[in-house]
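Visitor: the following comprises the amino acid sequence and a computationally predicted model.
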Amino acid sequence: MSNLVRFSISLEETLLQKFDQRLKEQNYENRSEAIRDLIRENIVEKEWVQNETVAGTITLVYDHHKRGLVQKLTVLQHSFHHMIISTQHIHLDHDNCLEVIIVHGEAHSLIRLTDKLKSIKGIKYGHLAMATSGKELI
């Protein structure tokens with residue numbers, strides 16, 4: 001690990017108690033690791049707001065029996081092929097499918113793609129999980 005720097009912060013006691021409780025729930029070993037993760041999360045959010053090149057996953061749940069839906073998904077994904085790294089298709093049951101699309105590109109373009117996919121009639125659920133290309137993180 002690079003050079004570590006120690007610093008202190010001041011918090012209200014009740015806020016620190018709530019933070020410590022959350023750390024226990026999330027199985028953190030110490031406050032430092034939790035604070036590092038919070039800082040990284042903030043940096044990733046900034047990458048998305050500033051339309052940086054980022055990565056993420058789009059999760060879709062849909063009924064594959066819905067007429068024309070699979071074809072619409074395929075055509076739209078081909079239109080955005082330069083941002084789609086991989087797709088995983090899972091049969092949840094006889095009717096429902098889960099599709100996970102791994103994406104990489106400008107943040108606003110990934111949001112636009114997600115919005116287009118989610119708005120297709122027959123999509124039951126759609127969500128974009130933000131990630132980072134990792135360039136700005138240690």
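Guide: Great, that's in hand.

Visitor: show me what counts as buried in the helix ranked longest in the chain.
Guide: Counting residues, the longest helix found in the chain (DSSP state H) is helix 31-49. Across helix 31-49, burial judged by 16 or more other CB atoms under 10 Å covers 34, 44, 47-48. C-beta here means a position set from N, CA and C on the backbone, and glycine is covered the same way.

Visitor: repeat that for stretch 62-72.
Guide: Under 16+ other CB under 10 Å, the buried positions of stretch 62-72 are 62, 64, 69-70, 72.

Visitor: show me the contact partners of that stretch.
Guide: With CB atoms under 8 Å, 6 or more residues apart in numbering as the test, stretch 62-72 has contacts from 73, 95-97, 99, 120-125.

Visitor: farthest-apart pair in the residues you listed, please.
Guide: Among these, the pair separated by the greatest distance (CB to CB) is D95 and I120, at 16.6 Å.

Visitor: show me which of those two is the more surrounded one.
Guide: A direct count of neighbours by other CB atoms under 10 Å for D95 and I120 places I120 higher, at 16 against 11.

Visitor: how about the nearest residue to that one once chain neighbours are set aside, secondary structure?
Guide: Spatial nearest neighbour of I120, chain neighbours left out: K72 (5.2 Å); criterion: CB to CB, 6 or more residues apart in numbering. With DSSP: H, G, I helix; E, B strand; the rest coil as the basis, K72 sits in helix.

Visitor: next helix or strand past the worst-scoring helix or strand of the chain on mean pLDDT?
Guide: The helix or strand of the chain with the poorest confidence is helix 31-49; it has a mean of 88 (mean pLDDT, DSSP states H and E). Using DSSP states H and E, the helix or strand that follows helix 31-49 towards the C-terminus is strand 53-63.

Visitor: tell me how far stretch 71-81 lies from the chain's centre.
Guide: On the basis of CA atoms, centre = their mean, to the nearest Å, stretch 71-81 is displaced by 20 Å from the centre of the chain it belongs to.

Visitor: what mean pLDDT does it get?
Guide: Stretch 71-81 shows a mean pLDDT of 95.

Visitor: which member of the contacts of stretch 62-72 is positioned nearest T53?
Guide: Nearest to T53 out of the contacts of stretch 62-72 is E99 (CB to CB; 23.2 Å).
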